[in-house]
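After the sequence you'll find the predicted model.
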Amino acid sequence: MGRNSDGATTVVMARPSRLRSLGVVALILVAAMAGAGRLGDFLPSLPNPFGSETIDRTQPALLQSLADLSEYHAATANFQVIVDTEKDTKFVPSFIRGEHTVYVAGGSVDAIVDFSRLDDRSIQVSPDRTSVTVVLPAPIVADPAVDPKESRVVSRDRGVLDRIGSAFSDNPSTERPLVLAAEAKMRDAAIASDLRAKAEQNTRKMLEGMLGALGYTNVTVSFSSSPA
């Protein structure tokens, strides 16, 4: 703004290039204040367009991940056992009263590792998160499962009185004691076998692969004392 030789007031407009320069300077000042965290002091009612956002992509807790496995059927053994039973009556000949049965049973027994029993003491992770040690309960021998398709009575001799009174002797319920006896034999055989050692080996291999995929380069898996 100025006055000419006649004393009149004259308005002088800023050139476009000068306005552009002022705009660039203003943007630089705004960016500088945003970087210093001072933008909110001048514009408290407006969100900071240069604000940062933190996204948490942390993996679920390792303990919870393992506990979700619950019961891990680590190994299975298949068995065939023979149950040979004889029932006699004192002072009565067996051809009159008695029963001799031979039952062949096929089935399987699993060794199970119970991951649901893990606690904070069960898993130790190194500060640099490259090594992990896992202590598991010893594998247990599960209840045997007798397969009806693989089991049958191969021989049954009864006395005269037993044959007369056993019209329903082929009813499956009459074979229940034989099945229970077969299950007991399978369980004893599983305990005497290397089933639990195989379960430990399979579990260790599974966890080494699983934890290795999560980035642990050194995985140690051990088991507590075997159950009696």
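Nice, thanks for sending it over. Numbers count the residues shown, from 1 in each chain.

all contacts plus neighbour counts: C-alpha atoms, from now on.
Will do.

What separation do you get for S65 and M210?
Per C-alpha to C-alpha, to the nearest Å, S65 is found 10 Å from M210.

now A111
Going from A111 to M210 by C-alpha to C-alpha gives 20 Å.

out of those two, which sits in the busier spot?
Set side by side, A111 and M210 show more neighbours around A111, with 26 against 14, by other C-alpha atoms under 10 Å.

The more buried one should be in a strand, yeah?
Yes. The assignment for A111 by DSSP: H, G, I helix; E, B strand; the rest coil puts it in a strand.

Next one: the closest residue to V221 other than its chain neighbours from A192, what distance?
Distance criterion C-alpha to C-alpha, 6 or more residues apart in numbering; nearest residue to V221, sequence neighbours excluded, is V134 at 4.9 Å. Using C-alpha to C-alpha, V134 is found at 27 Å from A192.

who has more neighbours, the two?
More crowded of V134 and A192, by other C-alpha under 10 Å: V134, with 19 against 10.

State whether that one and Q124 are indeed in contact, as I suppose.
Yes. Between V134 and Q124 there is a contact at 6.7 Å, judged by C-alpha atoms under 8 Å.

what about stretch 110-121, how long is it end to end?
With C-alpha to C-alpha as the measure, the ends of stretch 110-121 fall 27 Å from one another.

Going by neighbour count, which residues of that stretch are buried?
Of all the residues in stretch 110-121, those buried under the rule 16 or more other C-alpha atoms under 10 Å are 110-116, 118.

How about stretch 198-206?
Buried, per 16+ other C-alpha under 10 Å, within stretch 198-206: 198-200, 203-204.

and which of those is nearest to V81?
K198 (21.2 Å; C-alpha to C-alpha).

Could you pull up the residues touching that closest one?
Contact analysis of K198 by C-alpha atoms under 8 Å, 6 or more residues apart in numbering lists 74-75.

Swap in 7 Å and give it another go.
With contact set as C-alpha atoms under 7 Å, 6 or more residues apart in numbering, K198 has these partners: A75.

hey, C-alpha coordinates of the host helix or strand of it in PDB?
Assigned by DSSP states H and E, K198 belongs to helix 195-213. Extracted as PDB, the C-alpha positions of helix 195-213 are listed here (Å, rounded to 0.1, in the frame of the first residue of the first chain):
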ATOM      1  CA  LEU A 195       5.500 -97.400  24.100                       C
ATOM      2  CA  ARG A 196       6.200 -94.500  26.500                       C
ATOM      3  CA  ALA A 197       9.700 -94.100  25.200                       C
ATOM      4  CA  LYS A 198       8.300 -93.900  21.700                       C
ATOM      5  CA  ALA A 199       5.800 -91.300  22.900                       C
ATOM      6  CA  GLU A 200       8.600 -89.200  24.400                       C
ATOM      7  CA  GLN A 201      10.600 -89.400  21.100                       C
ATOM      8  CA  ASN A 202       7.600 -88.400  19.000                       C
ATOM      9  CA  THR A 203       6.600 -85.500  21.300                       C
ATOM     10  CA  ARG A 204      10.200 -84.100  21.300                       C
ATOM     11  CA  LYS A 205      10.300 -84.200  17.500                       C
ATOM     12  CA  MET A 206       6.900 -82.500  17.200                       C
ATOM     13  CA  LEU A 207       7.900 -79.700  19.600                       C
ATOM     14  CA  GLU A 208      11.300 -79.100  18.000                       C
ATOM     15  CA  GLY A 209       9.500 -78.600  14.700                       C
ATOM     16  CA  MET A 210       6.700 -76.500  16.100                       C
ATOM     17  CA  LEU A 211       9.000 -74.200  18.200                       C
ATOM     18  CA  GLY A 212      11.600 -74.100  15.500                       C
ATOM     19  CA  ALA A 213       9.000 -72.600  13.200                       C
END
